[in-house]
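[1] predicted model follows, preceded by the sequence.
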Amino acid sequence: MSITFPTSDLRPALPWLTAVAGMFFLNFGARVIFPPLFPAIEADMGFSHAEAARMLLIFSVGYSVSLFFSGAVACHMRHRTMVCVSTFCMGLVMLLTGLCHDEWLLFAGLLLFGVFGGWYLPSGLATLTSLIDPQHYGRAMAIHEVAPNLSFILTPLLAETVLRVADWRAVLMLFGTLMMVAALVFFKWGRGGEMRGAPLRVANARRLVVRPTFWALLCLFAVAVGASMGPYAMLPLFLHEIHDYTRSQANQLLAVSRLSGPVMVLFAGVATDRLGARRTIAVYLIFSAITTAALGYAQGWWLVAATVLQPLSSVIFFPAGFAYISRLFAEEDRGLAISLIVPAAIVIGNGLVPLALGWMGDRHWFHLGFYSIGALACCGLLLVRLLEESPAAGSPTA
């Protein structure tokens, strides 16, 4: 039976929503596969903690600049095609980066890797929301957010499995090959995303940046990305150096800490639809502040508990954050809003926060870094008051 998209019934759209989430799994997995490799990369390349974290900053700069200008590319092709091109090119660059033995070639590969990665998010979300009606956005975003949470679980296990028989470069080459194959499959059989993107226009951007809600969202996304990626990036080094875990034990705990994420993210999607995005974001900030600060002072089994609980907070935020954007901004402004908000959040949260944690780690101040992230989450509660009430699901967007 033929299905017309967008559909008001979530069930017929589930296979195609899952396919989009599968592409996001690979896109996000390619980004988070580096931290589990950091101990091996440091030993092989002679990097300090801060130099290893610099790899994330270089990627984040390329990703953010590309995401900001993604509309200039997306206006020339369908959103679904954009998703495929982004994933295939990321895989190709990852494969070639695995062949690099020079530090500067590695950094150049990471920059280019970020450039292609930045093309995904606006087109991926546009493809996703083209499949269902607005009343299901919270649940659809939750399905999409299962992907990064599975990536957090599976990529450390994949990395550790390959590291037992090969080096870190083989991990990159294997994952890059998977990405290229998946892109070709999705190009052939994927659905949704038939429309093209809109180029960046100064007038449209001005209409968004004059709203206090825009700046509140930007800061909240930066806090959320930093609270998620900062601890994730540095925990293998933190556990290995400060708490005497082996590399294998640290990566296994890192994977275990994310096990409840895929279930929790579905709960977060339902909570967003029922409680509203503002309340859900406030709950996230309180939980994030407590659990992230706990990483800095916990010992023994309390440290294990803090490591397991801390990622749950980030799971709560992103379905609420993206659903809020999808409901608040008009359809023609959503991609632009994401292209303006997420790049800054990625540079700060995925680049500068891990770099700062690595710098503190080189001085044995890891605990101070975790306390600081917790304090930023507390400050984020003040920003929630600036968020406008988004329209109810299914109502016209503001």
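    Structure received. Everything numeric in this text was worked out from a predicted model, so none of it was measured.
[2] near the nearest residue to Cys100 once chain neighbours are set aside, how many other residues are there?
    Leaving aside its sequence neighbours, Cys100 sits nearest to Leu106 (CB to CB, 6 or more residues apart in numbering; 4.9 Å). Heads up, the C-betas are built off the backbone N, CA and C, glycines and all. Applying other CB atoms under 10 Å, we find 19 residues neighbouring Leu106.
[3] same check, this time on Ser48
    13.
[4] look up phi and psi at it.
    phi -80, psi 180 (degrees, to the nearest 10).
[5] quick one, what contacts Pro343?
    Counting by CB atoms under 8 Å, 6 or more residues apart in numbering, Pro343 makes contact with 63-65, 67-68, 118.
[6] alpha carbons only: can I get stretch 42-52 in PDB?
    C-alpha atoms of stretch 42-52 as PDB (Å, rounded to 0.1, in the frame of the first residue of the first chain):
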ATOM      1  CA  GLU A  42      48.500   9.500  22.400                       C
ATOM      2  CA  ALA A  43      50.800   6.500  22.700                       C
ATOM      3  CA  ASP A  44      51.400   6.300  18.900                       C
ATOM      4  CA  MET A  45      51.600  10.000  18.100                       C
ATOM      5  CA  GLY A  46      53.100  11.300  21.300                       C
ATOM      6  CA  PHE A  47      50.200  13.700  22.100                       C
ATOM      7  CA  SER A  48      49.300  15.200  25.500                       C
ATOM      8  CA  HIS A  49      45.700  15.200  26.700                       C
ATOM      9  CA  ALA A  50      45.200  18.700  25.400                       C
ATOM     10  CA  GLU A  51      46.700  17.800  22.000                       C
ATOM     11  CA  ALA A  52      44.400  14.800  21.700                       C
END
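[7] can you list the buried residues in stretch 160-167?
    Of all the residues in stretch 160-167, those buried under the rule 16 or more other CB atoms under 10 Å are 160, 162-163.
[8] between those, which is closest to Thr213?
    Glu160 (42.0 Å; CB to CB).
[9] Glu103 is in contact with Met45, isn't it?
    Yes. Judged on CB atoms under 8 Å, Glu103 makes contact with Met45 at a distance of 6.3 Å.
[10] with neighbour numbers in mind, choose between these two.
    Met45 (15 against 12).
[11] quick one: contacts for that one?
    Met45 neighbours (CB under 8 Å, 6+ apart): 103, 106.
[12] look up how far Phe107 lies from it.
    Distance from Met45 to Phe107, counting by CB to CB, to the nearest Å: 11 Å.
[13] ok, residues contacting stretch 211-225?
    208-209, 281, 284-285, 288, 314, 317-318, 321, 324-325, 328, 337, 340-342, 344-346, 348-350, 353, 376-377, 379-380, 383-384, 386-388.
[14] any of these buried? List them.
    Buried among the contacts of stretch 211-225 by 16+ other CB under 10 Å: 208, 281, 284-285, 288, 314, 317-318, 321, 324-325, 328, 337, 340-342, 344-346, 348-350, 353, 376-377, 380, 383-384, 387.
[15] which ones among those residues are found in helices?
    Applying DSSP state H to those, the entries found in helices are 208, 281, 284-285, 288, 314, 317-318, 321, 324-325, 328, 337, 340-342, 344-346, 353, 376-377, 380, 383-384.
[16] picking up where we left off before, now the buried residues of stretch 160-167 in CSV, with pLDDT and secondary structure?
    Converted to CSV, the buried residues of stretch 160-167 look like this (pLDDT from 0 to 100; DSSP: H, G, I helix; E, B strand; the rest coil):
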residue, pLDDT, secondary structure
Glu160, 86, helix
Val162, 91, helix
Leu163, 88, helix
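[17] just the residues you listed now: which is nearest Cys89?
    Ranked by distance to Cys89 (CB to CB), the buried residues of stretch 160-167 are led by Val162 at 22.5 Å.
[18] nothing else from me, thank you.
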